[in-house]
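**Q** here is the input, now give the coordinates:
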Amino acid sequence: MSHYVLILAAGEGSRLKSKTPKQFLELNGLPIVMHSMITFQHADPDAKMYIALPEKYIKKWPLLCKKYNFRIQHEVYSGGKNRLSSVFNGMQMITKKNTMLQKRSIISIHDAARPFISRQFILGLMQTAYDVGIAIPGLPIKNSLRYKKQDLHNSTISVNRNQYIAIQTPQVFCFKDIFNAYKKIDTLNNKQLFDDASVYDNINPSKGINLIPGREKNIKITTELDYLIAKKMYRLLK
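**A** Numbers count the residues shown, from 1 in each chain. Next up is the predicted model:
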């Protein structure tokens, strides 16, 4: 059974207000994106890893690997104009390079801006995906929520937070199932689907999403505050 890994590092990270995209900022002396790659390699040394990069970083990436003495085997490709197209581009590349995909091959899709995943977390997701075909990590919502109506007054209403789950990555699937789902949507213009679980659920509404407990420390670095917190977290967790 083959395991493929897509690390999504093609975003511009505009909300962090840095000239350098957030995935290439250093965390404990190493670009953020490399932390996830190292953890996946520890979890499954046989996994085939593919990294989505911004077009302008394709040529820079080998220089970064040399600078940081980064030697984990992987392949890079140019990401799309949004997350969905970056994922689809990666799966298309996998199918071209691995024409004899095994029936039970799985794929882990992970956002590079989440560097605090663990080997045990990945292995648990992998096992669940091997068993039932899909594994999506999620956590209960802690904050109160309000729903913003689409009206002239931008009015809002209170909603029950117990009915909502905060979804994380990596999201792990039977490769053929998620690839078939992606082939049925418009990845470039779809504004209703935001992650791989929503793509899968949209095409396979009767199958349902298999949720497993996420991890509190599996934060996504999005803003300047997140980056400051991440640097503190790294010292506490390592």
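**Q** all contacts plus neighbour counts: C-alpha atoms, from now on.
**A** OK.
**Q** identify the bridge partners of residue 139.
**A** Taking DSSP bridges as the rule, residue 139 bridges to residue 166.
**Q** state the distance from it to residue 166.
**A** To residue 166, residue 139 is 5 Å away according to CA to CA, to the nearest Å.
**Q** so between the two, which is more surrounded?
**A** Neighbour comparison, residue 139 and residue 166: the larger count goes to residue 139, with 16 against 11 (by other CA atoms under 10 Å).
**Q** contacts only, for the residue lying closest to residue 74 once chain neighbours are set aside.
**A** In space, and not counting its chain neighbours, residue 74 is closest to residue 49: 4.8 Å by CA to CA, 6 or more residues apart in numbering. For residue 49, the contact set (CA atoms under 8 Å, 6 or more residues apart in numbering) comprises 4, 5, 6, 7, 73, 74, 75.
**Q** so where does the fourth one fall, helix or strand?
**A** Of the helices and strands defined by DSSP states H and E, residue 7 is found in strand 3-8.
**Q** show the subsequent helix or strand relative to that strand.
**A** strand 26-27.
**Q** and that next one, which strands flank it?
**A** When DSSP bridges is applied, strand 26-27 pairs with strand 30-31 (antiparallel).
**Q** contacts for the partner strand?
**A** Contacts for strand 30-31 (CA under 8 Å, 6+ apart): 23, 24, 25, 68.
**Q** contacting residues around the next helix or strand after that strand?
**A** Going down the chain from strand 30-31, the next helix or strand is helix 32-43, by DSSP H and E. For helix 32-43, the external contacting residues (CA under 8 Å, 6+ apart) are 7, 9, 22-26, 47, 72, 112-120, 122-123.
**Q** so the residue nearest the centre of the chain bridges to which residues?
**A** Centroid-nearest residue in the chain, with CA atoms, centre = their mean: residue 110, separated by 2.3 Å. Beta bridges link residue 110 to residue 7, judged by DSSP bridges.
**Q** which residues are in contact with it?
**A** 5, 6, 7, 8, 169, 170, 171.
**Q** ok, residue 80 next?
**A** 10, 86, 89.
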